[in-house]
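Engineer: What would the 3D arrangement of this be:
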Amino acid sequence: MSSNVFDNAVARADLGFAYTIPFAEGSQRVIAWQEAHGGFEDSDDFPFYDAILEAWARLVEVMARELEPLDL
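Structural biologist: A predicted model of the protein is given here:
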């Protein structure tokens, strides 16, 4: 399973793209599809996922400390 996040700002600006499925409905469709196709992985079977999240949290803290003096 993989996930992605996309910014559609360029498609909206250049192509006139407009989404037609509200986020909540889209989320429900994704969950229904996952359940119909074997469900979700048990994250306990993949300790690497925890390592990724821990590393991400550490990096976010470092980035926040480094950007704080910039007063953005």
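
Engineer: looking at this protein, which helix or strand is least sure?
Structural biologist: Across the helices and strands of the chain, mean confidence by mean pLDDT, DSSP states H and E is lowest for helix 9-15: a mean of 88.

Engineer: Not counting that helix itself, show me its contacts.
Structural biologist: Contacts to helix 9-15, defined as CB atoms under 8 Å, 6 or more residues apart in numbering, come from residues 17-18. Where you see a C-beta, it was placed from the backbone N, CA and C, and this is true even at glycine.

Engineer: neighbours of residue 10, just the number please.
Structural biologist: The tally of other residues near residue 10 (other CB atoms under 10 Å) stands at 9.

Engineer: likewise the one 10 residues further on?
Structural biologist: Each residue near residue 20 was counted by other CB under 10 Å, and the total is 7.

Engineer: what does the one 10 residues further on give?
Structural biologist: As a burial measure, the neighbour count of residue 30 was computed by other CB under 10 Å and equals 11.

Engineer: how long is stretch 35-52 from one end to the other?
Structural biologist: 25 Å (CA to CA, to the nearest Å).

Engineer: any idea of the mean pLDDT for it?
Structural biologist: The average pLDDT within stretch 35-52 is 90.

Engineer: For the least confident helix or strand of the chain, buried residues please.
Structural biologist: By neighbour count with 16 or more other CB atoms under 10 Å, helix 9-15 contains no buried residues.

Engineer: Using CSV, write out every CA atom in that helix.
Structural biologist: What follows is helix 9-15 as a C-alpha-only set of coordinates in CSV (Å, rounded to 0.1, in the frame of the first residue of the first chain):
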residue,chain,number,x,y,z
ALA,A,9,-3.0,24.3,-7.8
VAL,A,10,-1.4,24.2,-11.3
ALA,A,11,-4.1,22.0,-12.7
ARG,A,12,-6.7,24.5,-11.3
ALA,A,13,-4.9,27.5,-12.7
ASP,A,14,-3.8,26.1,-16.1
LEU,A,15,-6.6,23.7,-16.9
